[in-house]
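>>> any chance you can model this:
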Amino acid sequence: MPDRPARPRFDRIDALRGVAIVWMTVFHFCFDLNYFGWIRQNFLSDPFWTWQRTCIVSLFLFTAGLGQAVAVTQGQRWPRFWRRWAQVAGCALLVTAGSAFMFPDSFIYFGVLHGIAVMLIIVRLTAGWGRWLWLAGAIALLLPHAAVPTHAALGNLAVLNERWLNWIGFVSMKPLTQDYVPVLPWLGMMWWGMAAGRWLLRAHPQWVQGGLPRAARPLAWLGVWSLSWYMLHQPILMGLMRLAR
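This next block holds a predicted model:
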């Protein structure tokens with residue numbers, strides 16, 4: 001059976017994703033300034049930067065969950081889902097290749113796009129959990145806090161720190177990589193996005209279906225083209241900075 005025609009987009013959800021895009025771009029601009037030595041900041045441990053990263057990734061994953069709620073409510077079929085998923089997964093592989101060239105000792109093997117690719121499948125398969133999605137999300141967010149004491153108590157879980165399994169997120173030490181977005185705890189944010197989206201579309205659809213002020217429309221445009229912007233903004237920023245040196 002052919003897939004259903006594309007439905008109208010939800011501009012308010014796109015605009016929220018656009019906010020994450022702008023925030024991420026500013027964050028990466030500062031990161032690049034630091035990389036080229038124009039500022040001196042500690043992006044690995046300074047809470048000013050680490051908390052921003054947490055908020056940016058959380059917003060991306062929450063809006064991804066909202067988007068899946070819209071897709072499920074509109075009756076999106078699996079072939080259409082897999083086409084979009086293939087774009088995300090393909091871009092994740094390009095990120096790995098590009099980061100391996102730039103940072104061979106700390107390349108990105110499970111960053112935000114890798115995480116989204118895995119979590120999209122999980123969230124889509126669990127879309128029918130209803131209110132249990134809130135509880136599942138809370139468990140996913142809290143479970144990694146038990147990792148260190150569990151590793152210490154059992155003493156035989158070092159394999160979970162290995163690269164081929166640390167994408168799960170139940171680790172006692174963070175890996176050396178430029179971006180790390182494991183399933184735990186981040187699946188919790190996407191589950192909450194799905195739960196919130198299903199609730200909003202059922203109880204308050206006008207909150208996500210309404211129009212936008214003219215000033216906010218560029219954010220919605222960014223939200224529509226978020227994957228393309230994500231893939232292009234860093235090469236452009238770093239290229240411009242190399243030229244300006």
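
>>> sec struct for the residue nearest to residue 69 when sequence neighbours are not counted, please.
Leaving out its chain neighbours, the residue that sits closest to residue 69 by CB to CB, 6 or more residues apart in numbering is residue 197, at 2.5 Å. For every residue, glycine as well, the C-beta is placed using N, CA and C. With DSSP: H, G, I helix; E, B strand; the rest coil as the basis, residue 197 sits in helix.

>>> ok, residue 197 - contacts?
The contact partners of residue 197, taken as CB atoms under 8 Å, 6 or more residues apart in numbering, are 13, 65-70, 73, 208.

>>> measure it to residue 207 for me?
Distance of residue 197 to residue 207, computed by CB to CB, to the nearest Å: 11 Å.

>>> now residue 141
For residue 141, the distance to residue 207 - CB to CB - is 24 Å.

>>> ditto for residue 28
30 Å.

>>> who's more crowded, those two?
residue 28 (17 against 10; other CB atoms under 10 Å).

>>> which element is the more buried one on?
helix 11-35 (DSSP states H and E).

>>> also residue 119?
Assigned by DSSP H and E, residue 119 falls in helix 112-125.

>>> what segments of this structure are helices?
For the chain, applying DSSP state H gives helices covering 11-35, 47-73, 78-102, 112-125, 132-142, 147-154, 183-203, 206-209, 217-224, 226-244.

>>> to residue 173, which of those helices lies closest?
helix 147-154 (8.7 Å; CB to CB).

>>> could you check how far residue 78 is from residue 16?
Remark: distance between residue 78 and residue 16 (CB to CB) = 26 Å.

>>> so between these two, which is more surrounded?
Using other CB under 10 Å, the more surrounded residue of residue 78 and residue 16 is residue 16, with 20 against 10.

>>> who's in contact with the more buried one?
Per CB under 8 Å, 6+ apart, neighbours of residue 16: 59, 63, 66, 219, 223.

>>> I am finished for the moment; much appreciated.
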